[in-house]
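Enquirer: only geometry, no sequence info:
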């Protein structure tokens, strides 16, 4: 049977350990959040531009040097690519 003092020390270590791990990983979480904040507007704009391409007519496609097939392929890509 463990003494009361030993048991209290184990509880204190078990409770504090996850807190220290979380604090030590805070810079990683912050860096990840900054990346996401910068990437989301790029994804939104990329998606908007691909949808806008679908609204062009054949003369406009010829002007910019792409085919309707290429536009459909581009528009079918996921927003993150």
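Expert: Looks like it arrived, so ask away. The model shown is predicted, which means the values in this text are computed figures rather than measured ones. Residues are numbered from 1 along each chain as shown.

Enquirer: give the contact list for residue 54.
Expert: Neighbour list for residue 54: 71, 72, 75 [criterion: CB atoms under 8 Å, 6 or more residues apart in numbering]. For glycine as for every other residue, the C-beta is placed from the backbone atoms N, C-alpha and C.

Enquirer: Identify the residue spatially nearest to residue 77, adjacent ones excluded.
Expert: Nearest residue to residue 77, sequence neighbours excluded (CB to CB, 6 or more residues apart in numbering): residue 50, at 7.1 Å.

Enquirer: where does this protein dip in pLDDT?
Expert: The model of the chain has pLDDT under 70 over residues 1-25.

Enquirer: what about the longest helix in it?
Expert: Criterion DSSP state H: the longest helix present in the chain is helix 26-54.

Enquirer: Go through the contacts of residue 54 and say which is closest to residue 32.
Expert: The shortest approach to residue 32 among these belongs to residue 75, at 29.3 Å (CB to CB).
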